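> Everything below, folded, please.
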Amino acid sequence: MNDNSILENPPEIDFSKPVIRPKKGALKLIGEVLNHGGPGYLQFAITNICNADCGFCGFARSKFDPKARRSVTLQEARDVIDIAVKNHIGYLLFVGGEPMVHRDLRAMTRYAAERGIHPMICTNGGLWNDENMRGLASDGLTSVIMSITGATPFSGTSDQTLAVAYVSAFILVFFVSFTDPLYWCSRAPTITLLSRLRCSH
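Numbers count the residues shown, from 1 in each chain. Down below sits the predicted model:
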């Protein structure tokens, strides 16, 4: 996988319209809580590739063996999502590495949302831009967990590993659950905030 493949759209998937998430009634939700302890939560590492070079992280570019780089395929991700649905998983967190480098992240997000799961990502924010933010929102992304570990804008270099703070910012923007999926993306302050939070993981 190279930088040119980041968040490319598989040609067989229609990304032109916002995803439609299956509705879940209150009775079904109560039944899940009573029978299974509620909708489950799953972390899914879709790649061990990262665009950052943080000294404290085992996935740092300068420390990780390029021969050991791995990413799941779109079909493998769909299989995992299908298994997750059967096991009453309601929240699926895409992690890495850096999940934003995976070329099929949008397709995975859309498939999870179409199956009724709330897809989320944990990211260092270095690859966020207006276009992919709007795209992922349209695909059904419901939450973003962003790690902020540097006081200067993201550059992916090791000089940012001596961070003045480590904050996991839970940006819980329920794009699809409660509002039009592009509602928050149309708000300039939100886009500006995410654009500025491009710090190393």
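> residues in contact with stretch 28-47?
Identification of contacts with stretch 28-47 by C-beta atoms under 8 Å, 6 or more residues apart in numbering yields 1, 69-72, 77, 80, 84, 87-99, 101-102, 105, 108. Just so you know, the C-beta spots here come from the backbone N, C-alpha and C atoms, and that holds for glycine as well.
> Now, the residues you listed that are in strands?
Counting by DSSP state E, those place 89-95 in strands.
> which of the residues you listed has the most neighbours?
residue 92 (26 neighbours; other C-beta atoms under 10 Å).
> could you pull out the helices for this structure?
26-36, 74-86, 105-114, 130-138, 188-196 (DSSP state H).
> Highest mean neighbour count out of these?
Comparing the helices of the chain on average neighbours per residue, with mean count of other C-beta atoms under 10 Å, the densest one is helix 105-114 at a mean of 24.
> Go ahead and name everything in contact with that helix.
7, 9-10, 13, 15, 19-22, 46, 74, 77-78, 81, 84, 92, 94, 99, 102, 118-119, 121, 132, 135-136, 139-142, 176.
> ok, residue 74 touching residue 102?
No. At 9.2 Å, residue 74 and residue 102 do not qualify as touching, with contact defined as C-beta atoms under 8 Å.
> quick one: contacts for residue 121?
Contact analysis of residue 121 by C-beta under 8 Å, 6+ apart lists 93-95, 99-100, 105, 109, 136, 141, 143-145.
> what about 7 Å?
When contacts are counted by C-beta atoms under 7 Å, 6 or more residues apart in numbering, residue 121 touches 94, 99, 141, 144.
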